[in-house]
Structures are given as structure tokens and as C-alpha cells.
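[1] Please find the sequence and the predicted model below.
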Amino acid sequence: MFNKIPRWNLTLFVLIVAEIIVFGMMNPRFWNVTILLNSFNDFIALAIIGFFVTLVVITGGIDISGVSIIGLTSVVTGLLSQVAGINIWISIFCAILIGGLCGLLNGVLIAYGRVQAMVMTLGGMLLYRGIAIVLVGLSGVSTYEGISGFSEGFGQIANGEVMGIPHAVLLFIIMFLIAYILLHRTRYGRYIYLTGINQNTAEYSGINTKKIIASTYVLSGLSAGIAGVVLTSYLGSARSDYGSEYLMPILTVVVLGGTFITGGKGGVVGTALASIILGFMQVGLQMAGVSTQYIGLATGVLLIVSVAFLGINSEFRFNMKRILPQKQNIGG
């Protein structure tokens, strides 16, 4: 049974178990299941975006604009519901839709306009953050205080629970299943992999790679919109700076999850496990009394080590494939 599971995913699972053991020894409260389940609220937004940025990276692209789309959708949700007086659920729908439109702008310019993904999403990150700040300014609301006064029902999106299971855990599972089915159980997912492996070959095979690439950015934008709504619900206010600290963690969970930054290989199972590793690490370090300024250091180390390990492992396998046939020919 274990032979069918990718070795890297098994490694990530072992790391999660190791974290639970080590941090539990540092502080026994870490072994409290309720605390672990509630900790999902601290990284649910990160995981939601990570699932769909994985699709982008597999095509050979990159999307760093999601960190600003979070703040933009948060502000839009607050302005429409609290300032304009629009129904909260309509406001949520409009905010997520705007996130998708931001992703569409990224995808169209990257896929059809041939703009480099890093350049476009970096520009998008600055643009969407700027729009969010302008919207807050025009509304007359303090940028630092944000927009508050949301209903209790809206707060339950992130803070509620069903049969003792926090909504954050349920959202994690739902978004993971959506991303998993899209990537691993549909023809669309196979096209994503083929596009990342070799875009020219995929085009010769009749795949509209431009549409595939653009669609992954739309999904990434929608996921950032959902993350913005969830984060706003969890914190109880809408602010333009939400998500600004997620840039490195998003890249970390995607790469640590086993997705190659060169495209063509990866999966959302690894991203899910990496999200839990990063989330538990942050909670564990805080409970162990480690200063928050060192948590970013640990995240950076995780990113560098995972990239280096995956790169070395890939190069080793490539060299072995070249060497072994030569030995067989010599022996023959």
C-alpha cells in the first residue's frame, strides 16, 4: 500500500508526526487535539491559496499577487457590507468574483500577452494592494483600524464549528478536495501537467495551453478571494494589509509540498501536508516560547532546504538514469 504513495509525501507525513512529538515534549498542551484543530485558523488562508498556486506552478508559472488580492477582497467585503449596506452574502460573492477578475487579468497578460509571470504578478501585487488602500481612503475609514462591525453569522464562517470540528478544518478539507479532483482526477488536470512538462508539445497535441495557463491564474485569484473572506471573518475586520506576510509561506508550502518550480511535477497532497507542517511549526514555536521574529527564519530555512533537497534529488535521479543504461550496454 505504501509503495503507491510518493516518497516525498511519506516524508512530509513523518515530519508532521515528528513535529507533534517534539513540540509536545516542549509543551504538553501541544498534544491537545482541540488546540491542534483550532490552529487551522492560523494557516487556513495560506493553505487555500497554496492549493491553487500549486496548479499555476505546475504549468511553469508563478503567482505572487495573491497576497494583495487577499487584502483587496477583504476591503471589498467590508465596504460593500458595512459601508454600502449590501447583504453580506452578496458582498462575499462580489469580493470573490473580484479576486477571480484579478486572476483573469494576470492570466490573460501572461498567457496571451507573453508577459513574464514573475513580472506580471509582481506588478499585480503592487497594483491590487494600491487599489485596496485607495478604496479604504475613499471610504473615510482608518487604514489601521479597518472596517469592523460584521454580523455574528459572518464571523461563524471561520470561527464556528460542526460537531466539535472547527469550520477552518472543514474549509481546509473542502478546498483540498476541489483542488485534488481538478488536478488529479480530470482531463483538465492532465492538461496542466502536460503544459508544464512541455508547452510546445502540448500545443502540437491539440491542447489550448494558453487557455489552460490563464485558467490556473483565475483559480488562484478566486482562491485568494476566498482566503480574504475567511481571514476577514476570522479576525472580525477588513483591512488592506491582510496577506502581506504570506508571500514566503505560500511559496514554501508549494515547494515543500514537492512541486517543482520549473513546472511539470507536483501535487496538492504535498501542499496540504506542507501547509500543516508550517502551521504546526508556527504554533509549536509560539507555545515553546520562541519569539515570533524567529518563525520567519524557520520558514526561510524550510524553503531553502526543500528547494535544495528536491533539486539535488532530481539531479541524482537524472544522472542515475544516464549512468545505468551505459553500464548495461557495457555489460552487454
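    Received the coordinates, thanks.
[2] Let's see the one helix or strand residue 181 maps to as PDB, backbone CA atoms only.
    For residue 181, the element it lies in under DSSP states H and E is helix 167-184. Extracted C-alpha coordinates of helix 167-184, given in PDB (Å, rounded to 0.1, in the frame of the first residue of the first chain):
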ATOM      1  CA  HIS A 167     -15.000  25.400  10.300                       C
ATOM      2  CA  ALA A 168     -11.400  26.000   9.400                       C
ATOM      3  CA  VAL A 169     -10.700  22.300   9.300                       C
ATOM      4  CA  LEU A 170     -13.800  21.700   7.100                       C
ATOM      5  CA  LEU A 171     -12.800  24.500   4.800                       C
ATOM      6  CA  PHE A 172      -9.400  23.000   4.500                       C
ATOM      7  CA  ILE A 173     -10.800  19.700   3.500                       C
ATOM      8  CA  ILE A 174     -13.300  21.100   1.100                       C
ATOM      9  CA  MET A 175     -10.800  23.300  -0.800                       C
ATOM     10  CA  PHE A 176      -8.300  20.500  -0.800                       C
ATOM     11  CA  LEU A 177     -10.800  18.100  -2.400                       C
ATOM     12  CA  ILE A 178     -11.800  20.700  -5.000                       C
ATOM     13  CA  ALA A 179      -8.100  21.200  -6.000                       C
ATOM     14  CA  TYR A 180      -7.300  17.500  -5.800                       C
ATOM     15  CA  ILE A 181     -10.200  16.500  -8.100                       C
ATOM     16  CA  LEU A 182      -9.400  19.200 -10.600                       C
ATOM     17  CA  LEU A 183      -5.700  18.300 -10.700                       C
ATOM     18  CA  HIS A 184      -5.600  14.600 -10.300                       C
END
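[3] Okay, strands next: where are they in this protein?
    161-162, 165-166 (DSSP state E).
[4] elements contacting the last one?
    Pointing back at strand 165-166 there. helix 33-38 (3 or more C-beta pairs under 8 Å, 6 or more residues apart in numbering; DSSP states H and E). Heads up, the C-betas are built off the backbone N, CA and C, glycines and all.
[5] contact partners of the helix it packs on?
    Contact with helix 33-38 is made by 20, 29, 30, 165, 166, 168, 169, 280, 283, as judged by C-beta atoms under 8 Å, 6 or more residues apart in numbering.
[6] taking the mean pLDDT, what do you get for it?
    If you average the pLDDT over helix 33-38, you get 90.
[7] Check stretch 177-194 too.
    96.
[8] Straight-line length of that stretch, end to end?
    For stretch 177-194, the first-to-last residue distance is 21 Å (C-alpha to C-alpha, to the nearest Å).
[9] out of everything not next to it in sequence, what's closest to residue 300?
    Residue nearest to residue 300 in three dimensions, not counting chain neighbours: residue 248, with 6.6 Å by C-beta to C-beta, 6 or more residues apart in numbering.
[10] er, residue 69 I mean
    Residue 69's closest residue in space is residue 224 (C-beta to C-beta, 6+ apart), at 3.7 Å.
[11] mind listing what residue 245 touches?
    Counting by C-beta under 8 Å, 6+ apart, residue 245 has contacts residue 67.
[12] Spatially central residue for this structure, please.
    Central residue of the chain (C-alpha atoms, centre = their mean): residue 50, 1.4 Å from the mean position.
[13] Run through the residues that contact that residue.
    250, 253, 254, 257, 271, 274, 275.
[14] Which positions within the helix holding residue 181 qualify as buried?
    167-172, 175-176, 178-180, 182-183 (16 or more other C-beta atoms under 10 Å).
[15] same thing with stretch 69-84?
    Per 16+ other C-beta under 10 Å, stretch 69-84 contains these buried residues: 69-83.
[16] and which of those is nearest to residue 243?
    Using C-beta to C-beta, the shortest approach to residue 243 within the buried residues of stretch 69-84 belongs to residue 70, at 3.0 Å.
[17] returning to what we had before: among the contacts of residue 50, which ones are buried?
    250, 253, 254, 257, 271, 274, 275.
[18] before we move on, back to that, excluding residues flanking it in the chain, which one is nearest the residue nearest to the centre of the chain?
    residue 253 (4.2 Å).
[19] how near is the one you found to residue 305?
    For residue 253, the distance to residue 305 (C-beta to C-beta, to the nearest Å) stands at 14 Å.
[20] still on that earlier bit, just give me the neighbour total for the residue nearest to residue 300.
    Using other C-beta atoms under 10 Å, residue 248 is surrounded by 15 other residues.
[21] Any stretches of the protein with poor pLDDT?
    Scanning the chain with the threshold set as pLDDT under 70 gives 1-4, 142-144, 292-293, 303, 306-307, 309-332.
[22] Would you map the helices across it?
    7-26, 33-38, 44-58, 66-78, 88-111, 117-139, 152-159, 167-184, 187-197, 199-204, 209-235, 247-256, 268-287, 293-331 (DSSP state H).
[23] Which among those helices is found nearest to residue 262?
    The closest of the helices of the chain to residue 262 is helix 187-197. By C-beta to C-beta, the value is 8.2 Å.
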